[in-house]
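Visitor: from the sequence below, what's the structure:
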Amino acid sequence: MAEPRTLVYGADAYRASDDAMSVWYEIERLGLSRYVAELDVKGYTVVPPERVCTPEFVARFREAVLDCAERRHGFRPNPLREGRHAGRYREGPFGLMLAYTLFEDDVFQEALLNPVALALATYLVGHKATMYDCMALIKGPGGQDLPLHCDNAIAPPPFPVHPGHCNMTWLLTDYTREGGALCMVPGSHRQYRHPLPGEALDERVPIEAPAGSLVVWGGNTWHGAFARETPGLRINVLITVARPHLR
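Guide: Residues are numbered from 1 along each chain as shown. Below is the predicted model of the structure:
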């Protein structure tokens, strides 16, 4: 089946061309060509900490998440152990969910405006994309796998070639398979549909990366997460942006 195309005419064609070139110049300036290629081929990419932020930023970001949890729930999570609130970190496949965190601390806004994150997000969903989610997740041992899905929750298949959503997930603790890491199905973004129940489980690839890494993928990509099997807590912050008509 031929892939659908978007046709742009007249003055809009020049504006679209200018936007595309400005995105590419920023990608080249930041040295992100490899990660853009991974987005195209695999449907996701993992930018290592040294390319995206400093250790001080990671520590401050993690502390902001812990501060937010303490303000909202009356206890402070310990990343190294579960403590007496263990049950709160095992609620379904996500653990403790902290929604609407953008204004909890300036560091959440810094993460949204990070040049690397913005360049990759703009490449996927364009200059006019808007944020619709900023959420922190704290997951402990136990629980269950997060089933494979894609972020086009409201879209029927076949999906457009160009993704409507971009997920930027900041890893604030080290990610391992046993530690409850995200997982992706490489190339699944070209299926242009939702995964079927039980499909592609043997194709899942764990995202094993150190704290401070930035994982980026588009709305077509099949992804999930493994249950955590090791002590301590997995902490991340996901920021999602979408094209205006979807927002």
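Visitor: show me where the chain has its helices.
Guide: 10-29, 33-41, 49-52, 55-73, 106-112, 115-125 (DSSP state H).
Visitor: avg pLDDT for the fourth one?
Guide: Averaged across helix 55-73, the pLDDT comes to 97.
Visitor: other residues contacting it?
Guide: 49, 75-77, 79, 85, 88, 96, 98, 101, 104-105, 107-108, 110-111, 136, 138, 170, 172-173, 211-212, 235, 237 (CB atoms under 8 Å, 6 or more residues apart in numbering). Using the backbone N, CA and C atoms, a C-beta is placed for each residue, glycine as well.
Visitor: pLDDT at the nearest residue to residue 233 once chain neighbours are set aside, what is it?
Guide: With sequence-adjacent residues excluded and distances taken as CB to CB, 6 or more residues apart in numbering, residue 233 is closest to residue 79, at 4.9 Å. On the pLDDT scale, residue 79 is placed at 89.
Visitor: residue 10 too?
Guide: The model's pLDDT for residue 10 equals 41.
Visitor: which of the helices of the chain sits most buried?
Guide: Neighbour counts (mean count of other CB atoms under 10 Å) averaged over each of these peak at helix 115-125, with a mean of 21.
Visitor: that one vs helix 33-41, what angle?
Guide: 30 degrees (axes from the mean of the first three to the mean of the last three CA atoms, to 10 degrees).
Visitor: helix 115-125 - what's its average pLDDT?
Guide: 97.
Visitor: now that helix: how far from the chain's centre is it?
Guide: 12 Å (CA atoms, centre = their mean, to the nearest Å).
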